[in-house]
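Participant: sequence first, then the predicted structure:
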Amino acid sequence: KAGVTQTPRYLIKTRGQQVTLSCSPISGHRSVSWYQQTPGQGLQFLFEYFSETQRNKGNFPGRFSGRQFSNSRSEMNVSTLELGDSALYLCASSPRLAGGVQYFGPGTRLTVT
Amino acid sequence: SQQGEEDPQALSIQEGENATMNCSYKTSINNLQWYRQNSGRGLVHLILIRSNEREKHSGRLRVTLDTSKKSSSLLITASRAADTASYFCATERKSNTGKLIFGQGTTLQVKP
C-alpha cells in the first residue's frame, strides 16, 4: 500500500495570507490527525478526524481549521498567517480511531515571511 | 502542554554500543509509542506498548513500561550509524481518541 502523502512538501507564504495543506491517508484508513512541529514547542496535536467528523482538537487558535472528505482525504487551513506558524505540519493516518499505530506522512514545511 | 518528558535530550555513542532513552508521562494511558525522525522528515513508528504490557521487543529494540512510575525506556542494542535520528515517545490517553502527546525527543548520534 502507498503511504501517507502530503502536498505540497514545501511552501513559502507571507504574513497575513492563508494556506491549505492536503493529506491523503493510507487506503482504508479512516482516521486522520494533524500535528505541528516547531523547534520551540515540539510536536503538538492540532486535530483529529474520523469518518468526516472532527473528534478532537488541540489548543490552537481558530485560525487553524480542517476537514475530512468522504474518501478520508483531509485538508487543514491556516488563515491570517503569522511568523510563528512556520513549522513542519505532519499528517498521520490510522485504520481506527484509537488504540493503534499512527502512520505519518513526510510533512509539509511551511515558512511564513 | 507536552505530557512526555524525555531524557537525555541528546546522546552520542559509538557504533556497536547500546543506547537507552527514557520517557516519563503524567496521566493514565492506553498505550505508549516510540517514533523515530530523521532530519525533520516524517515520523516512523518503531514500537507500541499497551498499558497492560511491561516489556516488548522488536529486532534490536526493547521497550519497557512502568505504569506505576509513569515511565518508559527504549533500548537500542548494537547501534549503527543509520540509527542516528531523533526519537520521540508518544502517549495515547485512556479515551476514545487517537490523539498522541509527544515528548520533546532524544537526539541520538551514532558515530561510525
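Facilitator: Cool, got the structure. A quick note: this is a predicted structure, and the numbers were derived from the prediction, not measured.

Participant: where does the prediction get shaky in chain B?
Facilitator: Low-confidence segments of chain B (pLDDT under 70): B:1-4, B:96.

Participant: chain B: helices as residue ranges?
Facilitator: Assigned helices in chain B: none (criterion: DSSP state H).

Participant: what residues does it put near chain A?
Facilitator: Within chain B, the positions adjacent to chain A are B:2, B:30-31, B:33, B:35, B:40-45, B:48, B:88, B:90, B:92, B:95-105 by C-beta under 8 Å from any C-beta of the partner chain. Where C-beta positions appear, they are placed from N, C-alpha and C, glycine not excepted.

Participant: buried among the residues you listed? Need that as a selection in ChimeraX.
Facilitator: Restricted to buried positions by 16 or more other C-beta atoms under 10 Å in any protein chain shown, the ChimeraX selection for those reads:
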select /B:30,31,33,35,41,42,43,45,48,88,90,92,97,98,99,100,101,102,103,104,105
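
Participant: among the residues of chain B next to chain A, name the ones in strands.
Facilitator: Among those, the members found in strands (DSSP state E) are B:30-31, B:33, B:35, B:43-45, B:48, B:88, B:90, B:92, B:100-102.

Participant: report the two of those separated the most.
Facilitator: Using C-beta to C-beta, these span at most 20.8 Å, a distance reached by B:30 and B:44.

Participant: what's next to the host helix or strand of residue A:48, contact-wise?
Facilitator: Under the criterion of DSSP states H and E, residue A:48 resides in strand A:42-50. Applying C-beta atoms under 8 Å, 6 or more residues apart in numbering or on different chains, the contact partners of strand A:42-50 are A:30-38, A:54-60, A:64, A:66-68, A:74, A:76, A:89-90, A:97, B:2, B:88, B:90, B:97-105.

Participant: can I get it in PDB, CA atoms only?
Facilitator: Once non-C-alpha atoms are left out, strand A:42-50 reads as follows in PDB (Å, rounded to 0.1, in the frame of the first residue of the first chain):
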ATOM      1  CA  GLY A  42       8.000  20.300  19.700                       C
ATOM      2  CA  LEU A  43       5.200  18.200  18.300                       C
ATOM      3  CA  GLN A  44       1.800  19.400  19.100                       C
ATOM      4  CA  PHE A  45      -1.600  17.900  18.200                       C
ATOM      5  CA  LEU A  46      -3.800  20.000  16.000                       C
ATOM      6  CA  PHE A  47      -6.900  18.000  15.200                       C
ATOM      7  CA  GLU A  48      -8.200  14.500  14.500                       C
ATOM      8  CA  TYR A  49     -10.900  13.400  12.100                       C
ATOM      9  CA  PHE A  50     -12.700  10.100  11.800                       C
END
